[in-house]
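> compute the structure for the input listed below.
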Amino acid sequence: MKSILIVDDSSAIRRMLRTVLDGRSDWKVCGEARNGREGIDQALQLCPDLILLDLSMPVMNGFQAARELQRLLPKVPILMFTTFSNAQVEREALALGVSAVKAKSEGLHSLYRTIHDLLEAA
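Modelled structure (predicted):
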């Protein structure tokens with residue numbers, strides 16, 4: 001079973017993601033964090049197989065967190081799941097070591113497929 005850490009400042013998004021991801025028999029949500037700083041702390045404690053990271057968060061945003069996570073846990077894929085997806089955001093995220101960027105508007109099927117692909121490649 002592959003473990004996923006959710007890092008998003010919205011409790012509603014975290015709850016929805018936990019519900020849909022835990023609904024799969026091969027994945028489990030190992031933890032949740034409300035900002036990038038908490039996400040780094042949780043990642044170091046939990047050693048997830050994948051980190052699902054929002055961009056816009058208080059305390060430490062997704063770019064800052066991705067930079068630090070890539071330094072500390074370089075083998076763990078990071079999937080940036082954001083409302084603010086565009087070509088520039090994607091370029092910057094990928095340059096920081098993010099494995100993929102998905103817009104929240106793309107829907108769950110696209111998110112599932114990307115998570116599956118990243119976990120298989122890891």
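
> just the buried positions in stretch 64-73, please.
Neighbour counts over stretch 64-73 (16 or more other CB atoms under 10 Å) mark 64-70, 73 as buried. Where you see a C-beta, it was placed from the backbone N, CA and C, and this is true even at glycine.

> next one: that stretch to chain centre, how far?
With CA atoms, centre = their mean, to the nearest Å as the basis, stretch 64-73 stands 12 Å off its chain's centre.

> next one: stretch 94-104
With CA atoms, centre = their mean as the basis, stretch 94-104 stands 9 Å off its chain's centre.

> what comes into contact with that stretch?
The contact list for stretch 94-104 (CB atoms under 8 Å, 6 or more residues apart in numbering) reads 13, 53, 63, 66-67, 69-70, 74, 77-83, 85, 89-90, 93, 110-111, 114, 117-118.

> show me what counts as buried in that stretch.
For stretch 94-104, the neighbour count (16+ other CB under 10 Å) marks 96-104 as buried.

> now do the same contact list for Leu21.
Shown in contact with Leu21 (CB under 8 Å, 6+ apart): 4, 6, 27-29, 115.

> tabulate the residues you listed (TSV), appending neighbour count.
Formatted as TSV, those follow (neighbours: other CB atoms under 10 Å):
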residue	neighbour count
Ile4	24
Ile6	26
Trp27	20
Lys28	15
Val29	18
Ile115	23
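
> in strands, which of those appear?
The strands, defined by DSSP state E, take in 4, 6, 27-29 from those.

> if we can go back for a sec, buried ones among the contacts of stretch 94-104?
Buried members of those, counted by 16+ other CB under 10 Å: 13, 53, 63, 66-67, 69-70, 77-82, 85, 89-90, 93, 111, 114, 118.
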